[in-house]
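Participant: could you work out the structure for the sequence below:
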Amino acid sequence: MYSVTIRFYEELNDFLDRPHRKIDIPFAFTGRRSIKDLIESFGVPHVEVDLILVNGESVDFDRVVEDGDRISVYPVFERLNIRGVTRLRPFPLRQVCFVLDVHLRKLARRLRLLGFDVDYEAGRDDDELALISARESRLLLTRDRQLLMRKIVDRGLYVRNTDPEKQVREVLDRLDIRDLCRPFSRCLECNGLMAVFDYEENRDVLERNVPPGVLAWCREYYRCGQCGKLYWKGSHYERLELVIDAIMNPDNPDGEEG
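Facilitator: Presented below is the predicted three-dimensional model:
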């Protein structure tokens, strides 16, 4: 029989039952187990953790729990300087490219609208999502805790909100990446990068693919370098501007569905 004391800090408490939040938790168990296994037994995905202290010393996920250990578990840090302790990964989790599970389609579109590299396809299963995240070092966004507990997944974020507008603000704020937003720089459909499509040089292409009413007034076009989709600043562009404004300025109530 092993007896330890464990405490979770800051937003990691969101994963705990209310009686266990923001307190020292006495915990007893039989058989040897790793720190990772112990943490996830409380429902906390390991990808949400960035620092573990055992008896005041930083350890990694493989450390075997010993009787009498006092364990402190901290979330991914935004601004706190912890250079003097052992990080759980050799590189920060802040690589800003994502893969999203099938239930986050609207969040995927909003992140692409803001210019982030977002891999999303409907119909993917958990095995494929975990593999993509590991193979391409993409941060996996999901509302499935069990998916984030897979050992292969090293970069991930449990999305707490259910409303798409709140979800995108949550991701921006928790990862502190608002200054990396580059609206309209990616294709909403395929994630490809956008480029200016010169009107004079490509008039024949535009005449075949753009409604005559648009050609009559519009001279500024953009095309996705991956799927070839054409974009211009029409009424849909104006609606998307409202969506962006609602995301970046949450006090503004006028944002619309994109």
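
Participant: need the helices for the stretch 151-258 of the chain, in chain order.
Facilitator: 164-175, 203-209, 212-215, 235-248 (DSSP state H, counting those that start in this stretch).

Participant: from the chain's centroid, how far away is the third one?
Facilitator: In this case it means helix 212-215. Its chain's average C-alpha position is 39 Å from that of helix 212-215, according to Cα atoms, centre = their mean, to the nearest Å.

Participant: any idea of the mean pLDDT for it?
Facilitator: Helix 212-215 carries an average pLDDT of 94.

Participant: ok, residues contacting that helix?
Facilitator: With contact meaning Cβ atoms under 8 Å, 6 or more residues apart in numbering, helix 212-215 is reached by 206-207, 232, 234. C-beta coordinates here come from the backbone N, C-alpha and C atoms, glycine included.

Participant: re the thing from before, ranking the helices of the stretch 151-258 of the chain by burial, who's on top?
Facilitator: Greatest average neighbour count among the helices of the stretch 151-258 of the chain goes to helix 164-175 (a mean of 19), per mean count of other Cβ atoms under 10 Å.

Participant: ok and that helix relative to helix 235-248, angle-wise?
Facilitator: With axes from the mean of the first three to the mean of the last three Cα atoms, to 10 degrees defining the directions, helix 164-175 sits at 50 degrees from helix 235-248.

Participant: tell me what helix 164-175 is packed against?
Facilitator: On a contact count with 3 or more Cβ pairs under 8 Å, 6 or more residues apart in numbering; DSSP states H and E, helix 164-175 meets helix 105-113, strand 156-158, helix 235-248.

Participant: what about the closest residue in space to Leu139 that isn't next to it in sequence, how many neighbours?
Facilitator: Spatial nearest neighbour of Leu139, chain neighbours left out: Arg155 (4.4 Å); criterion: Cβ to Cβ, 6 or more residues apart in numbering. Neighbourhood size, Arg155 [other Cβ atoms under 10 Å]: 23.

Participant: what's the answer for Val196, then?
Facilitator: Neighbourhood size, Val196 [other Cβ under 10 Å]: 9.

Participant: same deal with Leu147?
Facilitator: By other Cβ under 10 Å, the residues close to Leu147 number 20.

Participant: quick check: it touching Val159?
Facilitator: No - counting by Cβ atoms under 8 Å, Leu147 stays clear of Val159, with 11.4 Å between them.

Participant: just flag the most distant two among the contacts of helix 212-215.
Facilitator: Farthest pair in the contacts of helix 212-215 (Cβ to Cβ) is Glu207 and Gly234. Separation: 16.8 Å.
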